[in-house]
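Colleague: Can you look at this prediction? I've put the sequence above it.
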Amino acid sequence: MHGTGQPLGIATSEVPRSALRAAADAAAAVAAAKSVLVCGHTDADGDVVGSTLAIAQALRQRGAMVTVYNDVPYPESHAFLAGFHSVVRSVPQHASFDATIVVDAARTDRLGVTFPPLERRGTFVWIDHHRHDAPPGDVNYIDLTAASVGEQVVQLLDALEHPLQLDVAEAVYASLLADTGGFRYGNTSARSLRLAARLIEVGVDPWRMSEKLFESQPEARVRLLGRVLSSMWRSQDGGLAIVVARATDIVELGAERAHLQSMVNHVRAIRGVEVAVLLDELDDHQTRVVVRSRGNRHIGDWVAPLGVKGHKNAATFELDSSPIEAQAVLRSLWPDDERVTD
Ligand SMILES: [Mn+2]
């Protein structure tokens, strides 16, 4: 669930029994761990940030030494969450852990180059709400009905009988806000709202959270958004919209690559757009392609000719080409590629 509007599984009012059992297994696996590594997928979204910080803070409260790792800095908007400033960008070369917890990763190839090999991970706990054909953990806690991984973290802490404190509750709330699109998406269930209510009872202030996360943007990000949106190309039928983030724009505006996070959603929000694409220029011949679609428009079929596997409503991949070349390729895959002139 990454800003696509679609739930990953059928929302259920109660946590499925299999998920409850898996949460208990995950709790047992980390209960006695003294040193723990926690990480999510690279280029973290709000769910990764919130759920990793929540679990790290809670385990620290239980006396564990916890390292949170991501090879890309977490977005500054989340800097108010407890533990944000101790996130590391690489795992020391010979560090080993009693347990390693990976959240929201969907795949194993997005954990960064310094993610430790099997023999240094300790008990490997895989927590996710994405489908995975062969989840790689010693313990796999998968719950496709969870709106966000933060929700699973609470389940795990309940299994540990660890009381929720405000710093943990804020991080979980941030993960819920991210993956439900501020309680707007199809995965916003009675269950996710009940969890939100519980977090508010612990002391979370919804306006403080919204203000920090959505209404405290750096000016450079908003200016970059302006540049990115002004580059928009739209197909004749209006269904495809492509925007480009140029490396020079990011530098010129004093912005950061992390500011591009979820920018593509502004493009998908346009009436008539079915597929929105953001082309992120990594260098002269490398472009990161971020694709989001609306409703029943399946991205997988569209990007398949490029040898890319996409989810139904989301795909992120790299092409060995400039943004201009990438745009030409993507346009050629669309049934009509005439420019809308209005
Ligand atoms: Mn997620």
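Modeller: That came in fine, so what should we check first? Residues are numbered from 1 along each chain as shown.
Colleague: For the helix or strand harbouring residue 279, buried residues please.
Modeller: Under the criterion of DSSP states H and E, residue 279 resides in strand 275-283. By 16 or more other Cβ atoms under 10 Å, the buried positions in strand 275-283 come out as 275, 276, 277, 278, 279, 280, 281. Where C-beta positions appear, they are placed from N, C-alpha and C, glycine not excepted.
Colleague: Residues in contact with it: which ones?
Modeller: Strand 275-283 is contacted from outside by 228, 239-247, 257, 260, 263-265, 267-268, 270, 287-294, 297, 299, 302, 318, 322-323, 326-327, 330, using Cβ atoms under 8 Å, 6 or more residues apart in numbering.
Colleague: Give me the subset of the residues you listed that lies in strands.
Modeller: Those of these mapping onto strands are 240-245, 287-293, 318, per DSSP state E.
Colleague: Let me have those residues in CSV, extended by neighbour count.
Modeller: Shown next, in CSV, are those (neighbours: other Cβ atoms under 10 Å):
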residue, neighbour count
240, 24
241, 23
242, 24
243, 25
244, 22
245, 25
287, 24
288, 19
289, 23
290, 25
291, 25
292, 25
293, 27
318, 13
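Colleague: From those, pick the one nearest the ion.
Modeller: Using Cβ to the ion, the shortest approach to the ion within the ones in strands among the contacts of strand 275-283 belongs to residue 292, at 14.5 Å.
Colleague: who's in contact with the closest one?
Modeller: Counting by Cβ under 8 Å, 6+ apart, residue 292 has contacts 3, 4, 264, 265, 267, 268, 275, 276, 299, 313, 314.
Colleague: what do you get if the cut-off is 10 Å, keeping everything else the same?
Modeller: 2-5, 262, 264-265, 267-268, 273, 275-278, 299, 311, 313-316 (Cβ atoms under 10 Å, 6 or more residues apart in numbering).
Colleague: likewise residue 293?
Modeller: 4-6, 239-240, 268, 273-277, 299-300, 302, 310-315.
Colleague: Filter these down to the buried ones and express that as a ChimeraX selection.
Modeller: Buried residues within the contacts of residue 293, by 16+ other Cβ under 10 Å, are selected in ChimeraX with:
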select :4,5,6,239,240,268,273,274,275,276,277,299,302,310,311,312,313,314,315
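Colleague: which ones among the contacts of residue 293 come in contact with the ion?
Modeller: Residues of those in contact with the ion (Cβ under 5 Å from the ion): none.
Colleague: among the contacts of residue 293, which are in helices?
Modeller: Residues of those located in helices (DSSP state H): 268, 299, 300, 302.
Colleague: of all the residues you listed, which two lie farthest apart?
Modeller: Farthest apart among the ones in helices among the contacts of residue 293 by Cβ to Cβ are 268 and 300. That separation is 16.5 Å.
Colleague: Kindly tell me how buried the closest residue to the ion within the stretch 151-300 of the chain is, as a neighbour count.
Modeller: Sorted by distance to the ion under Cβ to the ion, the residues of the stretch 151-300 of the chain start with residue 179, at 4.7 Å. Residue 179: 31 surrounding residues under other Cβ atoms under 10 Å.
Colleague: Now do the phi/psi pair for it.
Modeller: Per-residue torsions, residue 179: phi -80, psi -20 (degrees, to the nearest 10).
Colleague: Give me the distance between it and residue 247.
Modeller: 29 Å (Cβ to Cβ, to the nearest Å).
Colleague: now the helices for the stretch 1-150 of the chain?
Modeller: Applying DSSP state H, counting those that start in this stretch to the stretch 1-150 of the chain gives helices spanning 17-31, 46-61, 118-121, 149-159.
Colleague: and those helices as a markdown table, adding distance to residue 100?
Modeller: Listed next are the helices of the stretch 1-150 of the chain as a markdown table, based on distance: least, Cβ to Cβ, whole Å:
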| stretch | distance to residue 100 |
| --- | --- |
| helix 17-31 | 10 |
| helix 46-61 | 12 |
| helix 118-121 | 4 |
| helix 149-159 | 15 |
